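J.: Got a predicted structure plus its sequence, pasted below:
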Amino acid sequence: MLLYSLAIGIPISAIYVLSRYIYLKNIHENIAMKVSEQLADAKPVQQNHLLKVSSANTELLIDESNFLCVQSMENYCTFYYLEDNQLKKHIIRISLANVLNQIETKSVQKCHRSYIVNLGKVKSLKGNAQGYKLHLSGFEVEIPVSRSFIATIIPKLQQQKK
């Protein structure tokens, strides 16, 4: 009886998992393609806001138009920004939640538990069955978008570039 149940259950489960993977992959790829086309056609929005990050012993000032993203690793945040068209990084001992409270704007948003990104610098969006990845101009690393942030990030990218 157990073998009979396994003989029927395993193929059905495998078919379900594969069909779900293909479905999610198609959905994410189509949305990513549409948003990437909008991003390619749109002109960048000028951002003239100064972002100020303060921790216990360090203060960092970055122009929003030069800010790319923040990557968090435990209690350290690495800030990536452009200075004279050169990619610079600065590491500060501060939590990502504290950084978000200090620099969150309409275009600077959290997209993952380890990343804050400047949506104005997004060059393209890639999608697959696991989710979305952002590509920034002047930055080689793909930035993941968590499933919990998809509902806020994708519409903001679409609105920002119209």
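T.: Happy to help now that I have it. Numbering: from 1, shown residues only.

J.: Just the buried positions in the longest helix belonging to the chain, please.
T.: The longest helix of the chain (DSSP state H) is helix 2-41. Of all the residues in helix 2-41, those buried under the rule 16 or more other C-beta atoms under 10 Å are 28, 31, 32, 35, 36, 39. C-beta: built from backbone N, CA, C; applies to glycine.

J.: now do stretch 51-60
T.: 51, 53, 55, 60.

J.: mind listing which of these are in strands?
T.: 51, 53, 60 (DSSP state E).

J.: Closest one to residue 121 out of those residues, please.
T.: residue 51 (12.8 Å; C-beta to C-beta).

J.: how close does that closest one get to residue 79?
T.: 9 Å (C-beta to C-beta, to the nearest Å).

J.: Find the residues that touch each one of these two.
T.: Here residue 51 and residue 79 have 62, 67 as joint contacts, going by C-beta atoms under 8 Å, 6 or more residues apart in numbering.

J.: Make JSON lines from the ones in strands among the buried residues of stretch 51-60 and add pLDDT and distance to residue 135 to it.
T.: Formatted as JSON lines, these follow (pLDDT from 0 to 100; distance: C-beta to C-beta, whole Å):
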{"residue": "51", "pLDDT": "89", "distance to residue 135": "21"}
{"residue": "53", "pLDDT": "91", "distance to residue 135": "24"}
{"residue": "60", "pLDDT": "91", "distance to residue 135": "24"}
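
J.: Take those residues and lay them out in a markdown table including distance to residue 74.
T.: A markdown table is the format used below for these (distance: C-beta to C-beta, whole Å):
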| residue | distance to residue 74 |
| --- | --- |
| 51 | 22 |
| 53 | 17 |
| 60 | 19 |
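
J.: rewinding a little: right, and the pair among the buried residues of stretch 51-60 with maximum separation?
T.: Maximum pairwise distance among the buried residues of stretch 51-60 (C-beta to C-beta): 13.7 Å, between 51 and 55.

J.: Run through who's touching stretch 65-72.
T.: 46-48, 51, 77-83, 87, 95-96, 99, 103, 108, 113-118, 120-121, 136, 138-139, 143.

J.: hmm, back to that, out of the ones in strands among the buried residues of stretch 51-60, flag the one nearest to residue 159.
T.: Of all those, residue 51 has the smallest distance to residue 159: 20.9 Å, by C-beta to C-beta.

J.: which helices and strands does the host helix or strand of residue 116 pack with?
T.: Assessed by DSSP states H and E, residue 116 sits inside strand 115-118. Strand 115-118 makes packing contacts with strand 67-73, helix 96-103, strand 108-112, strand 131-136, strand 143-145 when contacts are defined by 3 or more C-beta pairs under 8 Å, 6 or more residues apart in numbering; DSSP states H and E.
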